[in-house]
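Peer 1: with the sequence up front, the predicted model follows.
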Amino acid sequence: MEFKNILIVDDEPVNLKILKAMLVPEGYNVIETESAIQALEILNSILPDIILLDVMMPEMDGFELCRKIKAQKDKRMIPILMVTALQDKVHRQEAMEAGADDFLSKPIDRVELLIRVKSLLRIKMYSDELIRSYKVLEKKNRQLEELERAKEGLTHMIIHDLRGPLTNISMNIEMCLMKLDPGSEIRRYLDNAGRQCLYMNDMIQGLLDIHKMEEGKLEIVRELVIPRELIEEIVESYKPQIHANKVRLEVEQLSSTNQILVDSRLVKRIIANLLDNAIRHTPQNGQIVLSIKDSPDGRYVIFTITDSGEGLHEKYHKRIFDKFEQVKLKKDGVITGSIGLGLAFCKMAAELHGGKIWVTHGPEGRGCSFSFSLPVESGHVCQEFDG
Ligand SMILES: Nc1ncnc2c1ncn2[C@@H]1O[C@H](COP(=O)(O)OP(=O)(O)OP(=O)(O)O)[C@@H](O)[C@H]1O
Ligand SMILES: [Mg+2]
């Protein structure tokens, strides 16, 4: 049988004797001291299973000693049983506030003492078990985190290394294209293969950038740019796609801000992602409107891309900004080349600039309206606007 250690602190030798006489025959191992200061020293080398404390002691009273013990992280789980004078409500309340776990009235009744000690020891045993399981869980969690980090590191190394062979494939496609007649049928296939390479390259870049942003390692390089020029450049590069999908595109310049201080590479990719989504979700002959306007307080420029597609239920309005969240595509089981990273990238990039991104329904509740704000001067934290 395992002996439980009980520390008794009482300046009266007679009390110590009585308590010891009651506890030792029950198989408890008693450590005794007449001094509160010495009790603290004992506790530095021994952690008892329970402490019995007298209230009135000369150099430090029981309340003070109780407070000191409970203030120490490794000792606060040791139950403290305070021995107070009978019916002394004020003392009991003070003991409670000092952190005592139970009270015992003087003169001490043997049966009552043994019941209290047993019950406190049971609670201590449960709490010890809890602490043990918590430590096991904590260790397992740390191991899992390390494994996850190693896995992520490996994944990103592979993603990073994919760029080499991909560039090689693109270059070979370019070489073939140079040798082919303009009207050749094979040219069409190779053109398509080249476009897919570019798309894969964007995907790889997106994954790498998101990873860097999550690790806080993506540095933004700010420069002064004209908001409308950012849009125009992206619109120009998307003209073939806009034409192929037979959608109309309108650009509205409603902003009075001439220049913003942003990382134009990142902002262009936000616009490109939103435009790409809008084109893919807009039916033939549908319309997309790209607008730039100022926030009501003039501190932000707000870019909005509104489409006339199938729209998005409100319950998805926050979730789609999480990585790999694809609402419609998943539901309809449609297999496409997209992976659900675009909006996660947009959110991180907008927030990195001190801006925000959000989605609302388009006009008359149809289609989607994605907006993101960027501070005119860097360093502002953005409020949400309704677009
Ligand atoms: N304009 C839109 N209209 C309706 N649903 C949209 C629109 N834009 C995005 N979504 C929904 O949000 C999801 C997430 O978009 P996101 O751009 O993050 O990923 P994706 O377009 O599926 O893939 P990726 O951008 O990585 O190629 C989409 O899969 C789609 O369900
Ligand atoms: Mg997308």
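Peer 2: Ah, there it is. Ligands and ions are numbered 1, 2, ... in the order given.
Peer 1: can I assume residue 67 is in contact with residue 99?
Peer 2: Yes: between residue 67 and residue 99 there is a contact at 6.4 Å, judged by Cβ atoms under 8 Å. C-beta: built from backbone N, CA, C; applies to glycine.
Peer 1: which ones are touching the one residue in the stretch 101-250 of the chain that gets nearest to ligand 2?
Peer 2: Ranked by Cβ to the ion, the top residue of the stretch 101-250 of the chain for proximity to ligand 2 is residue 206, at 9.3 Å. Taking Cβ atoms under 8 Å, 6 or more residues apart in numbering as the criterion, residue 206 is in contact with 269, 341-342, 345.
Peer 1: least confident of these?
Peer 2: pLDDT is lowest at residue 341 among the contacts of residue 206; the value there is 83.
Peer 1: you'd agree that residue is up against residue 322?
Peer 2: No: with contacts counted by Cβ under 8 Å, residue 341 stays clear of residue 322, the gap being 10.1 Å.
Peer 1: comparing the two, which residue is more hemmed in?
Peer 2: Taking neighbours as other Cβ atoms under 10 Å, residue 341 and residue 322 compare with residue 341 leading, 19 against 11.
Peer 1: so who does that one touch?
Peer 2: 203, 206-207, 210, 323-324.
Peer 1: tell me, please, the helix or strand in this protein that averages the lowest pLDDT.
Peer 2: The weakest-scoring helix or strand in the chain, judged by mean pLDDT, DSSP states H and E, is helix 327-332 (a mean of 54).
Peer 1: that one: what's the following helix or strand?
Peer 2: Counting by DSSP states H and E, the next helix or strand C-terminal to helix 327-332 is helix 342-352.
Peer 1: for the residue in the stretch 251-387 of the chain that ligand 1 sits nearest to, which non-adjacent residue is spatially closest?
Peer 2: Of all residues in the stretch 251-387 of the chain, residue 342 sits closest to ligand 1, at 2.4 Å by Cβ to the nearest ligand atom. Closest residue in space to residue 342, ignoring its immediate chain neighbours: residue 273 at 4.0 Å, by Cβ to Cβ, 6 or more residues apart in numbering.
Peer 1: wait, a helix at the one you found?
Peer 2: Yes: using DSSP: H, G, I helix; E, B strand; the rest coil, the assignment for residue 273 is a helix.
Peer 1: neighbours around it, how many?
Peer 2: By other Cβ under 10 Å, the residues close to residue 273 number 22.
Peer 1: so who does it touch?
Peer 2: Here residue 273 is in contact with 342-343, 345-346 (Cβ under 8 Å, 6+ apart).
Peer 1: ok now the biggest helix by length in the chain, how far from the chain's centre?
Peer 2: Assignment by DSSP state H gives helix 110-179 as the longest helix of the chain. Mean-position distance between helix 110-179 and its chain equals 14 Å (Cα atoms, centre = their mean, to the nearest Å).
Peer 1: going forward, the N-terminal residue is numbered 480.
Peer 2: All right, first residue 480 from here; so that's helix 589-658.
Peer 1: immediately after that helix, which helix or strand?
Peer 2: Going down the chain from helix 589-658, the next helix or strand is helix 664-693, by DSSP H and E.
Peer 1: mind listing what's buried in the helix or strand that comes right after that next one?
Peer 2: Per DSSP H and E, the first helix or strand lying C-terminal to helix 664-693 is strand 702-704. Neighbour counts using 16 or more other Cβ atoms under 10 Å place residue 704 of strand 702-704 among the buried residues.
Peer 1: what pairs with strand 702-704, parallel or antiparallel?
Peer 2: Sheet pairing of strand 702-704 (DSSP bridges) gives strand 739-741 (antiparallel).
Peer 1: got a list of contacts for the strand it pairs with?
Peer 2: Contacts of strand 739-741 (Cβ under 8 Å, 6+ apart): 699, 701-704, 706, 780, 832, 853-857.
Peer 1: from the residues you listed, which is closest to residue 568?
Peer 2: Residue 568 lies nearest to residue 854 out of those, by Cβ to Cβ, at 61.3 Å.
Peer 1: just to revisit the earlier point, now look at the longest helix of the chain and say if it contacts ligand 1.
Peer 2: No: residues of helix 589-658 are not located near ligand 1 by Cβ under 6 Å from any ligand atom, the shortest gap being 13.7 Å.
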